[in-house]
Structure formats: structure tokens, C-alpha cells
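S.K.: give me the fold of what follows.
(one chain, ligands or ions: 1)
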Amino acid sequence: MSVQSSIKGKTLVISGGTRGIGKAIVYEFADAGANIAFTYHTNIEEAKKIAQDLESKYDVKVRYYQLNILEPEMYRDVFKEIDKDFDEINFFISNAIISGRSVVGGYGKFMRLKPKGLNNIYTATVVAFVIGSQEAAKRMQKNGKGSIISISSTGNLVYIQNYSGHGTNKAAVEAMVRYGAAELGEMGIRVNAVSGGPIDTDALKAFTNYEEVKTKTAELSPLNRMGKPEDLAGACLFLCSEKADWITGQTLIIDGGTTFK
Ligand SMILES: NC(=O)c1ccc[n+]([C@@H]2O[C@H](COP(=O)([O-])OP(=O)(O)OC[C@H]3O[C@@H](n4cnc5c(N)ncnc54)[C@H](OP(=O)(O)O)[C@@H]3O)[C@@H](O)[C@H]2O)c1
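M.R.: Residues are numbered from 1 along each chain as shown. As a prediction, this is how the structure comes out:
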């Protein structure tokens with residue numbers, strides 16, 4: 001069975017489908033014939049546009065729901081809404097990330113870190129992954145099969161200026177992925193992380209030294225360019241397909257070869 005044919009007709013739930021990497025994943029899965037339930041935070045107009053565009057281009061059902069990953073318990077109601085629209089859930093991708101005011105005290109130099117910002121990043125990265133995955137797993141259990149992915153970043157392996165709050169929580173979520181994999185395997189559910197090097201998105205533009213990161217990444221990569229959101233989307237499709245049936249508890253690093261240099 002090809003990657004595409006094992007995705008077709010299945011349903012993906014993903015957080016943060018309106019921009020960057022989440023949007024690229026939503027398009028990749030819809031192109032492969034998957035139905036999509038994606039969340040947005042504030043950008044309802046973009047969510048509406050994406051859903052209409054996908055349904056007009058591909059023979060799939062697409063719905064969107066509001067979620068704030070700083071209030072992970074919201075996932076319980078979001079999944080109840082998803083239940084009304086879709087018969088089953090096959091894949092869950094925890095992708096959304098916070099930025100701006102909520103990361104103040106978490107995004108910055110070590111000596112400036114503060115509890116509130118650090119705790120917010122933990123809530124949005126690790127706790128939201130856990131609560132979303134619990135809800136997804138309850139539904140996947142009924143099919144005896146499922147694939148869960150957390151989107152991580154190589155900022156937990158290499159130094160990125162101001163990134164300690166995010167980097168440490170990406171390390172934590174990768175460890176949580178391994179714990180999830182160890183316990184959800186008996187339900188037929190695989191849990192993995194896809195970890196990206198610097199990818200050209202709004203989140204990266206929010207970095208004060210975006211231009212420098214862009215130039216440095218291209219210099220470090222043997223492939224001589226920065227990452228694109230689509231670079232991570234293909235890996236997610238593969239990990240959700242039957243081609244990855246014995247892959248669980250892993251982090252797939254997609255960094256254009258930058259981490260080794
Ligand atoms: N960019 C990179 O260099 C890079 C590299 C490796 C890994 N990653 C990871 O990839 C994932 C996506 O990053 P990105 O660069 O694509 O981000 P992005 O372009 O900033 O998009 C963020 C997404 O999250 C949603 N969001 C923002 N605040 C939220 C909140 N409080 N509650 C729920 N959803 C919220 C946004 O929705 P609205 O549009 O409605 O606000 C949007 O859909 C993250 O986990 C990030 O750590 C990024």
C-alpha cells in the first residue's frame with residue numbers, strides 16, 4: 001500500500017492549522033485525501049479561507065475549531081465538537097505554538113527568564129500535547145490504531161539565542177512522546193516527534209534576529225538553504241502512513257543537515 005492510499009479517507013486532527021508548518025501539513029494531508037479537523041486561535045478568517053480552499057480543491061471534509069493551548073482543557077470540548085462532524089479520528093498532530101505577550105519571561109536570555117513565561121510555554125507545549133493526545137487516543141482506541149505526532153525543534157539540541165524556554169520544553173515534549181509511545185502501543189497507537197531546524201514561518205520572523213538565523217542556517221546546511229514548512233509536512237504524512245507501522249517513540253529530525261555542523 002502506498003503512503004497516499006493509507007492516508008486517503010482517514011481523519012487528521014491538528015492544532016494550529018492556519019499558518020506556517022500547521023498549514024503546510026493540512027494541505028499535505030488533504031492532497032493525500034484525508035479529512036481535516038484543524039484548530040485556530042484568533043485567525044478565524046484565515047481558517048475559513050483554508051477550509052473552503054481545501055474542500056474546493058480536494059474531495060475531503062474540512063472543519064475548524066477554536067482552541068487556546070494555554071487552556072489545554074479546552075481540548076475536551078473541541079474533541080466533542082469534532083465527534084459531531086467526523087466518525088473517527090486516525091491521526092493527531094500537536095503543532096500549535098504560542099508567541100508574543102504570553103512568552104514574555106520565557107523567550108529571552110537566561111538571566112531574564114521568569115516563572116510565568118516559562119510556565120506558559122510548558123503549558124502550551126507539553127500539557128497541551130498530553131491533553132490533546134489523551135482525547136485523540138480515546139477515539140483511536142476504538143479503531144485499534146492511530147498515529148500521534150508532536151512537532152518539536154532542534155532548538156533542544158543546539159543553542160538558539162533567546163530560545164531556552166522553548167528549547168527545554170521541546171526536550172520535555174520529546175521525552176513525553178517516548179512515555180506516550182511506551183503506554184499507548186497496546187492500543188495500536190504510535191507516538192512520535194518530528195523535529196525541525198529553523199523553518200521560514202511567522203514564528204521564526206518573531207525572532208529578533210530572523211535575518212541572521214536565515215543566513216546562518218543556509219551556511220550551516222549542506223543543502224544551502226533554510227527549511228520550508230513543506231519540509232516537515234511530508235515526514236508527518238509518512239509517519240501517519242502504514243509505511244511507518246513499526247516506528248514509535250522516535251524523533252525524526254529534519255534540519256537540512258544543520259545540527260551536525
Ligand atoms: N518556525 C520554525 O523555525 C520551527 C522549527 C521547528 C519546529 N517548529 C515548531 O512547529 C510548530 C509550528 O510553528 P510555526 O512556525 O508554523 O508557527 P506559526 O507560523 O507562528 O503558527 C502558529 C499556529 O499556532 C496557532 N496559535 C498561536 N497561539 C495559539 C494559542 N494560544 N492557542 C492555540 N493555537 C495558537 C496559530 O493560530 P492563529 O493563526 O489563529 O493565531 C497558528 O495556527 C511549533 O510547534 C514550532 O515550535 C517551528
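
S.K.: and Ser15, how far is that from Ile7?
M.R.: Ser15 sits 19 Å away from Ile7, going by C-beta to C-beta, to the nearest Å. The C-beta positions use only the backbone N, C-alpha and C, and glycine is treated the same way.

S.K.: likewise Ala51?
M.R.: 19 Å.

S.K.: who in the stretch 151-261 of the chain is up against the ligand?
M.R.: Residues of the stretch 151-261 of the chain lying close to the ligand (C-beta under 6 Å from any ligand atom) are 151, 153, 196, 198-199, 201-204.

S.K.: among those residues, which lie within helices?
M.R.: Cross-referencing these against helices under DSSP state H gives 202-204.

S.K.: quick one: which of those residues is nearest Leu184?
M.R.: Leu184 has its nearest neighbour among those in Ala203, at 28.0 Å by C-beta to C-beta.

S.K.: tell me the contacts of that closest one?
M.R.: Taking C-beta atoms under 8 Å, 6 or more residues apart in numbering, we find Ala203 in contact with 20, 97, 99.

S.K.: got a PyMOL select line for the buried ones in the residues you listed?
M.R.: The buried subset of the contacts of Ala203, as determined by 16 or more other C-beta atoms under 10 Å, is captured in PyMOL by this line:
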select buried, resi 20+97
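
S.K.: nearest to the ligand among the contacts of Ala203?
M.R.: Gly20 (2.3 Å; C-beta to the nearest ligand atom).

S.K.: before we move on, the earlier item: want to throw the ones in helices among the residues of the stretch 151-261 of the chain next to the ligand into a markdown table with pLDDT?
M.R.: As requested, these are exported to a markdown table (pLDDT from 0 to 100):
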| residue | pLDDT |
| --- | --- |
| Asp202 | 86 |
| Ala203 | 83 |
| Leu204 | 85 |
